[in-house]
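>>> can't give you the sequence, but here's the structure:
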């Protein structure tokens, strides 16, 4: 509502919009405009503007404080960016484009390219990388979110080797042989 104080600014929406609180039912019945229309009323616009600017400054401070609190709450669950050091090997995420004329689709293109070697740290979140074949020539600058650590496995054999899909073939022992009759069999077996 317009008369509730906002937690982020500390003031009501009506006060921040109009520079005053909204009139209540009591003020509507006992009209205060008669005081303004009297000859004894002296408008003090400068003090009014100073008071309004003071309240606006306070509202900005409270809003910034609330924004910082929300950022702290959001950063608590956020994963920390990994620190890479010069000489470390990394993969770089790639963004390929599909090309129907060449028969390429991004679905089957590799998502990461590498390994590349980090030359220097340009900022807290960006690194200059180079190709391992030519370390003197930097390839470009990459953000931390586009880099993944290159882990060289000790064993070259796959952890889960690929198998043929589907049900495995039935194996027969030396004494048995497959039944080959001309009849069709239903689900319940032979009749």
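Great, that's in hand. As the structure is a computational prediction, the values presented were derived from the model and not from experiment. Numbers count the residues shown, from 1 in each chain.

>>> three-state assignment of the most centrally placed residue in the chain?
In the chain, the C-alpha nearest the mean C-alpha coordinate belongs to residue 78, at 9.3 Å (C-alpha atoms, centre = their mean). Secondary structure, DSSP: H, G, I helix; E, B strand; the rest coil: residue 78 is coil.

>>> and it, what's its pLDDT?
Note on residue 78: pLDDT of 83.

>>> torsion angles phi and psi at it?
Torsion angles at residue 78 (phi, psi; degrees, to the nearest 10) stand at phi -80, psi 140.

>>> got a list of what it touches?
Residues near residue 78 by C-beta atoms under 8 Å, 6 or more residues apart in numbering: none. (Each C-beta comes from the backbone N, C-alpha and C, glycine too.)

>>> show me where the chain has its helices.
For the chain, the helices defined by DSSP state H occupy 13-18, 25-29, 33-37, 45-76.

>>> ok, now how distant is the residue nearest to the centre of the chain from residue 66?
19 Å (C-beta to C-beta, to the nearest Å).

>>> then residue 116?
Residue 116 is 42 Å from residue 66, by C-beta to C-beta.

>>> what sits closest to residue 135 if chain neighbours are left out?
In this structure, residue 135 finds its nearest non-sequential neighbour in residue 117, 6.5 Å apart by C-beta to C-beta, 6 or more residues apart in numbering.

>>> list the contacts for that neighbour?
Applying C-beta under 8 Å, 6+ apart, the residues near residue 117 are 87, 88, 89, 90, 129, 130, 131, 132, 135.

>>> now for the fourth one: which residues touch it?
Right, the one you point to is residue 90. 84, 114, 115, 116, 117, 118, 127, 129, 147, 148, 149, 150.

>>> closest to residue 74 among the residues you listed?
Nearest to residue 74 out of the contacts of residue 90 is residue 147 (C-beta to C-beta; 22.6 Å).

>>> from residue 84, how far out is the closest residue to the closest one other than its chain neighbours?
Excluding the flanking residues, the one nearest residue 147 by C-beta to C-beta, 6+ apart is residue 90, at 4.6 Å. With distances taken as C-beta to C-beta, residue 90 is found 6 Å from residue 84.

>>> can you check which residues contact both of the two?
Taking C-beta under 8 Å, 6+ apart as the contact rule, residue 90 and residue 84 both touch 118, 127, 147, 149.

>>> please name the nearest non-neighbouring residue to the second one.
What it means is residue 127. residue 118 (5.0 Å).

>>> could you pick out the longest strand of the chain?
strand 112-123 (DSSP state E).

>>> so how far is it off the chain centroid?
22 Å (C-alpha atoms, centre = their mean, to the nearest Å).

>>> may I see the buried residues of that strand?
Neighbour-count burial for strand 112-123 flags 114, 115, 116, 117, 118, 119 (criterion: 16 or more other C-beta atoms under 10 Å).

>>> report the rounded mean pLDDT for that strand.
89.

>>> adjacent strands (with direction) for that strand?
Its sheet considered, strand 112-123 pairs with strand 89-93 (antiparallel), strand 126-131 (antiparallel) by DSSP bridges.
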